[in-house]
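> model this:
(one chain, ligands or ions: 1)
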Amino acid sequence: IGAGHVGATAALAAAQAGVDEIVLLDVVEGVPQGKALDMMQSGAVHGFSGRIVGTNDYAEVCGAEVAIVTAGLPRKPGMSRDDLVTANANIIRTVSAKLAEHAPDCVIIMVTNPLDVMAYVAMKETGFPRQRVLGMAGVLDSARFRTFVALELDTDVRQVSAMVLGGHGDSMVPLVRLATVGGVPLTELVAQDRLERIVQRTRTGGGEIVKLLGTGSAYYAPGAAAFRMAEFLLFGRRTVLPASVWTEGEYGIRDTFVGLPVELGPGGLERIIEIELTDDELAALKKSADAVRSVIDRL
Ligand code: A3D
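Numbering: from 1, shown residues only. As a prediction, this is how the structure comes out:
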């Protein structure tokens, strides 16, 4: 839902991975239809054969299993994600009501910013259980962190394993202590001052791209990350990854969405995994959760 930069990138990733029914829905007439046609034609070259429909009509999403929601405004240079809250909350309320009506069994993967707050709006408006409303941020923030580590070490990014928890904002919590490269602790490979620089660049990684682009925000990695979450749900595979979920006391946090390690299965959230954190990590996670909760409260 939302056939802009992130939505279309996620749809293309889905098509390339072999998802055979994809709908691109947007309020702008012609754009989702045009992108869907173009994308389907790329299948003749790429070698995929899924059916991709572009539409302005929710009748087309009837019975959808997964809805990746990217409808809304992206940031402009100098804006924080929270500056988008009022405008995007109105859009997400409309989208959520339509999804609840036409795809009442779907799992929502929220991407619209401010991500954690919009996931809350979707859960409230649809009445879906927390198992079926997930926010995508941890996969992207972890990908950014892993990329900066790979650049620092001039190594293959696929060998870098790392997790970023917390809200999708400058207070996010990259877990440096648990990051590894080919199984070797990252802290053994990179000096402390360089690590701090990588952590800081990860925290402001979205803003770095917003500034470079001048208009709009990142979409290749966000689109790929949103589909990565959907992929496990659609193909019935189980996995562990960081996702924004509604908390009910886990890590001593409640009544907010925040990024935590979770087990995903075909029906969505199966379990929040409570790993042992150091006092500093836990304090940073709680601070990040408080930052999200204060925006939810204001809303
Ligand atoms: P953009 O390319 O502008 O696409 C947004 C699309 O939403 C446009 O095509 C709009 O026409 C459409 N839209 C607006 N209102 C509605 C509506 N009511 N129903 C359906 N479609 C609608 O933006 P984008 O794709 O670059 O970004 C989309 C959102 O994702 C923004 O809020 C970004 O801030 C957010 N985003 C989040 C991340 C995360 O990691 C969480 C990363 C990148 C972007």
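
> Is stretch 208-217 positioned near the ligand?
Yes - interface with the ligand: stretch 208-217 contributes 216-217 (CB under 6 Å from any ligand atom). Placement of C-beta: from N, CA and C, glycine included.

> Quick check: buried residues in that stretch?
Within stretch 208-217, the residues scored as buried using 16 or more other CB atoms under 10 Å are 209-210, 213, 217.

> From the residues you listed, pick the one nearest Leu151.
Ile209 (14.8 Å; CB to CB).

> before we move on, the earlier item: closest to the ligand out of the buried residues of stretch 208-217?
The closest of the buried residues of stretch 208-217 to the ligand turns out to be Ser217 (CB to the nearest ligand atom; 4.9 Å).

> separation between the nearest residue to that closest one once chain neighbours are set aside and Val61?
Spatial nearest neighbour of Ser217, excluding adjacent residues (CB to CB, 6 or more residues apart in numbering): Pro74 at 4.2 Å. When distance is defined by CB to CB, to the nearest Å, Pro74 is 22 Å away from Val61.

> Pick out whichever of those two has more residues nearby.
Pro74 (23 against 19; other CB atoms under 10 Å).

> What count of nearby residues applies to Met110?
Neighbourhood size, Met110 [other CB under 10 Å]: 30.

> now Ile91
20.

> Please report phi then psi for the nearest residue to it once chain neighbours are set aside.
Distances taken as CB to CB, 6+ apart place Gly72 nearest to Ile91, at 4.7 Å, with adjacent residues excluded. Gly72 adopts backbone torsions of phi 140, psi -180, taken as degrees, to the nearest 10.

> Is Gly72 in contact with Arg93, as I believe?
No - with contacts counted by CB atoms under 8 Å, Gly72 stays clear of Arg93, the gap being 11.1 Å.

> Buried residues, the biggest strand by length in the chain. List them.
For the chain, the strand with the greatest residue count under DSSP state E is strand 254-265. Along strand 254-265, these residues count as buried under the neighbour rule (16+ other CB under 10 Å): 256-262, 264-265.

> And for stretch 118-128?
Buried, per 16+ other CB under 10 Å, within stretch 118-128: 118-123, 125-126, 128.

> who does the one helix or strand Glu152 maps to touch, helix- and strand-wise?
Assigned by DSSP states H and E, Glu152 falls within helix 138-153. The elements that helix 138-153 packs onto, with contact taken as 3 or more CB pairs under 8 Å, 6 or more residues apart in numbering; DSSP states H and E, are strand 160-161, strand 164-165, strand 173-174, helix 192-203, helix 205-213, helix 220-234, strand 239-248.

> Count the neighbours of the closest residue in space to Thr55 that isn't next to it in sequence for me.
Among residues not flanking Thr55 along the chain, Leu25 sits closest, at 5.4 Å (CB to CB, 6+ apart). Residues near Leu25, counting by other CB under 10 Å, number 26.

> again, but for Val157
Counted with other CB under 10 Å, Val157 comes out at 14.

> Looking at Gly72 and Arg93, which is more packed in?
Between Gly72 and Arg93, Gly72 has the larger neighbour count (other CB under 10 Å), namely 21 against 16.

> show me what contacts the more buried one?
2, 84, 87-88, 91-92, 112-113, 118 (CB atoms under 8 Å, 6 or more residues apart in numbering).

> And it, what's its pLDDT?
Per-residue pLDDT puts Gly72 at 95.

> Can you show me the helices along the stretch 51-200 of the chain?
Assigned by DSSP state H, counting those that start in this stretch, the helices in the stretch 51-200 of the chain fall at 85-102, 115-126, 138-153, 192-203.

> Just name the most buried of these.
helix 115-126 (a mean of 26; mean count of other CB atoms under 10 Å).

> related to what we said a few turns ago, among the buried residues of stretch 118-128, which one lies nearest to Asp141?
Distance ranking of these against Asp141, using CB to CB, places Ala119 first at 14.9 Å.

> in terms of contact, does Leu140 touch Ala225 like I think?
Yes - in terms of CB under 8 Å, Leu140 counts as a neighbour of Ala225; the distance is 4.0 Å.

> Minimum distance to Glu29: which of the helices and strands packed on helix 138-153 has it?
Closest approach to Glu29 among these is made by helix 220-234 (22.3 Å; CB to CB).
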